[in-house]
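> Sequence first, predicted coordinates after that:
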Amino acid sequence: MSGLTGFLVMLCMLQYSDAAAVIFTGPAGVAGSPGVYTATVNVVETSVETATLFTVTATPDTTTFAFTDNGNPDSIATITDGVVKLAASKTLDKETKSSYTFTITGTNAPESSTLTVTLTVTNKLEFAKTSYAVCVADGTVEGTVIGTYTVVDAVSGTDTVTYSNAPATDLIVDAATGVLKVATGKTLTSATTGGYITIITADQTGTNAAASADGTTEVKVTVGGCSGTGASVTGWTEAPFTLTNGQGTATITGSVTIKVAENIVPGDTLFSAVAAGAISYTITSGNTGSVMQISAAGVVTLAAGKSLDFETTPSYTLVITATGASGSPGVANLTVNIKNVLEFGKTQYDVCMADGSTADTTVGTYTVKDNTGGATVTYAITSGNTNSDFTFTAAGELKVSTGKTLAQKTTEQYTVVLAATESGSPAVADLGSTTVSITVGTCGCSAVAATLGLTLLAVVVAVSA
């Protein structure tokens with residue numbers, strides 16, 4: 001160890017010699033000893049952005065917290081002052097993913113400890129939609145079915161779900177079936193009441209009751225003034241579908257012809273299901289995780305806070321019910337196939353390369369993890385390769401190009417976009433991409449030592465002068 005380096009090490013030791021060890025004290029039930037801790041938490045599935053998932057605490061109170069590089073799976077959360085919250089546009093959905101493992105570093109320089117938190121997502125009973133709108137004819141009599149409203153995520157053979165509604169004066173829901181009807185002795189008239197709003201609650205009372213939270217949905221019923229009063233649903237616009245049964249009728253079976261890419265975002269349209277004579281639409285079953293919603297015009301979109309994942313759910317089998325003002329409804333039994341999009345390990349990587357890195361120096365290896373078996377994957381740089389300073393090989397290795405040397409004074413920052421495509425047979429996945437942000441300079445601990453060394457040298461020069 002050189003004299004200057006040894007002096008710098010001693011200086012750091014003296015500066016931090018009184019630092020206290022980091023001891024994690026939360027979440028509740030945290031276990032371990034300085035250096036390594038573990039904890040478990042249970043959180044009810046939610047799509048509410050910024051919902052608090054759990055809170056991390058530690059002593060001393062000057063401890064700061066951050067996720068490790070791979071400690072925030074799917075970038076599902078944020079952490080600020082120890083409070084871990086659901087990130088924007090993210091959702092906890094038990095049917096899609098039932099647990100997450102977070103790794104958090106608590107730092108009181110130079111001391112640090114690591115906390116591993118296993119989060120289990122617990123079930124909340126979910127209807128296909130959070131709100132329904134129905135119009136019924138003026139003079140609708142007792143016993144008339146308004147609609148059937150049941151949850152989509154009860155566990156068959158384990159969960160026993162019962163339904164109730166409030167208010168329940170003129171409309172009543174069957175506790176076992178979720179069928180909402182006009183109550184006995186009642187007639188719905190626009191002259192008396194132009195509309196109703198009732199909240200239906202699903203309560204899980206079976207052997208798995210402790211694992212499922214209650215779920216609710218709102219049903220808005222308008223009386224009179226319905227477009228197409230007296231009409232039944234007579235058929236569907238069939239162009240978006242490949243049908244196997246029921247062509248030209250009110251009940252059809254088939255699939256949506258065009259596959260839906262898994263990387264669409266909330267609000268994007270998957271397809272449209274339009275029926276002649278319909279005034280409202282409901283996805284009555286098959287909407288696993290409530291990822292889709294359907295508008296009054298029959299447009300099916302990705303619901304807020306939801307996402308599609310080919311590896312988890314490659315297809316959905318939906319039952320869509322189209323309701324007329326009165327008369328018979330229409331039913332579309334549709335398979336929706338999800339299309340794979342090639343995915344790198346992360347959507348963005350941050351890399352520091354030493355100033356003066358020469359040809360063939362490896363930046364990193366970036367490959368997709370979900371390519372189709374039998375297909376050939378081709379890698380390419382699509383943008384950000386200033387002066388062609390980098391090469392992306394067939395094996396997914398990004399490196400400094402032949403004849404090139406990275407120079408901080410010339411180009412300090414690169415934002416390189418990498419792409420992966422499939423070819424051959426079968427080639428069923430869409431193109432995937434990731435971004436590698438490359439900083440050229442002095443990296444890591446050597447940067448700190450260099451800075452301290454220059455500072456010390458300046459002090460020595462000044463004293464000598």
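The structure has been received and is ready for your questions. Residues are numbered from 1 along each chain as shown.
> pull the longest strand from this structure.
strand 111-124 (DSSP state E).
> Export only the CA atoms of stretch 166-175, formatted as CSV.
The C-alpha coordinates for stretch 166-175 follow below in CSV (Å, rounded to 0.1, in the frame of the first residue of the first chain):
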residue,chain,number,x,y,z
ALA,A,166,-77.6,-1.9,-0.4
PRO,A,167,-80.0,-0.3,-0.6
ALA,A,168,-82.2,-3.3,-1.2
THR,A,169,-85.7,-1.8,-1.3
ASP,A,170,-86.6,-2.1,-5.0
LEU,A,171,-83.7,-4.2,-6.2
ILE,A,172,-82.5,-7.4,-4.5
VAL,A,173,-79.6,-9.7,-5.2
ASP,A,174,-79.7,-13.4,-4.8
ALA,A,175,-77.2,-14.3,-2.1
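> Report the rounded mean pLDDT for it.
Across stretch 166-175, the average pLDDT comes to 91.
> do the same with stretch 333-347
So the average pLDDT for stretch 333-347 ends up being 92.
> Next, the contact list for T55, please.
26-27, 82-84 (Cβ atoms under 8 Å, 6 or more residues apart in numbering). (Glycine included, C-beta is placed from N, CA and C.)
> between these, which is nearest N108?
G82 (13.0 Å; Cβ to Cβ).
> Within its local environment, how many residues does the residue lying closest to that closest one once chain neighbours are set aside see?
Spatial nearest neighbour of G82, excluding adjacent residues (Cβ to Cβ, 6 or more residues apart in numbering): V56 at 4.2 Å. For V56, the number of neighbouring residues by other Cβ atoms under 10 Å comes to 23.
> got a list of what V56 touches?
Neighbouring residues of V56 by Cβ under 8 Å, 6+ apart: 24, 26-27, 65, 79, 82-84, 104, 106, 115, 117.
> 6 Å instead, please
Contacts for V56 (Cβ atoms under 6 Å, 6 or more residues apart in numbering) come out as 26, 65, 82, 104.
> Where does pLDDT dip in the chain?
Along the chain, the model assigns pLDDT under 70 to residues 1-19, 155-159, 194, 206-211, 226-231, 325-328, 374, 425-427, 444-465.
> The most centrally placed residue in the chain - nearest residue in space that isn't next to it in sequence?
With distances taken as Cα atoms, centre = their mean, K90 lies nearest the centre of the chain, 4.0 Å away. Counting by Cβ to Cβ, 6+ apart, K90 lies nearest to I76, which is 5.1 Å off, once chain neighbours are set aside.
> Likewise for A39?
Of all residues not flanking A39 in the chain, V30 sits nearest, at 4.3 Å (Cβ to Cβ, 6+ apart).
> count of neighbours near the one you found?
Considering only other Cβ under 10 Å, V30 is surrounded by 19 other residues.
> and the residue nearest to K90, how many neighbours does it have?
17.
> In this structure V141 contacts T187, no?
Yes - the pair V141 / T187 is scored as a contact, 5.2 Å apart, by Cβ atoms under 6 Å.
> Pick out whichever of the two has more residues nearby.
Just comparing V141 and T187: by other Cβ under 10 Å the higher neighbour count belongs to T187, 15 against 11.
> In contact with that one, which residues?
Counted by Cβ under 6 Å, 6+ apart, T187 has contacts V141.
> what's it sitting at in phi/psi?
Phi and psi for T187, reported as degrees, to the nearest 10, are phi -130, psi 130.
> Help me confirm that I338 is found in a helix?
No - membership of I338 in a helix is not supported by DSSP: H, G, I helix; E, B strand; the rest coil, which gives strand.
> Tell me who's in contact with it.
Listed by Cβ under 6 Å, 6+ apart, the contact set of I338 reads 260, 262, 308, 310, 314.
> Name the residues linked to it by a beta bridge.
Beta-bridge partners for I338, by DSSP bridges, are V260.
> and this protein, what are its domains?
For the chain, the structural domains run 20-122, 131-339, 348-446, going by automatic domain parsing.
> Who does the nearest residue to D360 once chain neighbours are set aside form a beta bridge with?
For D360, ignoring the flanking residues on the chain, the nearest one in space by Cβ to Cβ, 6+ apart is K399 at 5.7 Å. When bridges are called by DSSP bridges, K399 pairs up with T362, T391.
> State the number of residues packed around K399.
Around K399 there are 18 other residues, counting by other Cβ under 10 Å.
> From Y281, how far off is it?
Using Cβ to Cβ, to the nearest Å, K399 is found at 53 Å from Y281.
> who are the neighbours in contact with the residue nearest to A39?
24, 37, 39.
> G178 now?
148-150, 163.
> do you know how far L418 is from T434?
Applying Cβ to Cβ, the value for L418 to T434 is 5 Å.
> hang on, the earlier thing: and which of the contacts of G178 is nearest to V291?
Nearest to V291 out of the contacts of G178 is T150 (Cβ to Cβ; 17.2 Å).
> roughly how far apart are the spatially closest residue to the closest one that is not a sequence neighbour and A66?
Leaving aside its sequence neighbours, T150 sits nearest to G178 (Cβ to Cβ, 6+ apart; 3.9 Å). G178 is 46 Å from A66, where distance means Cβ to Cβ.
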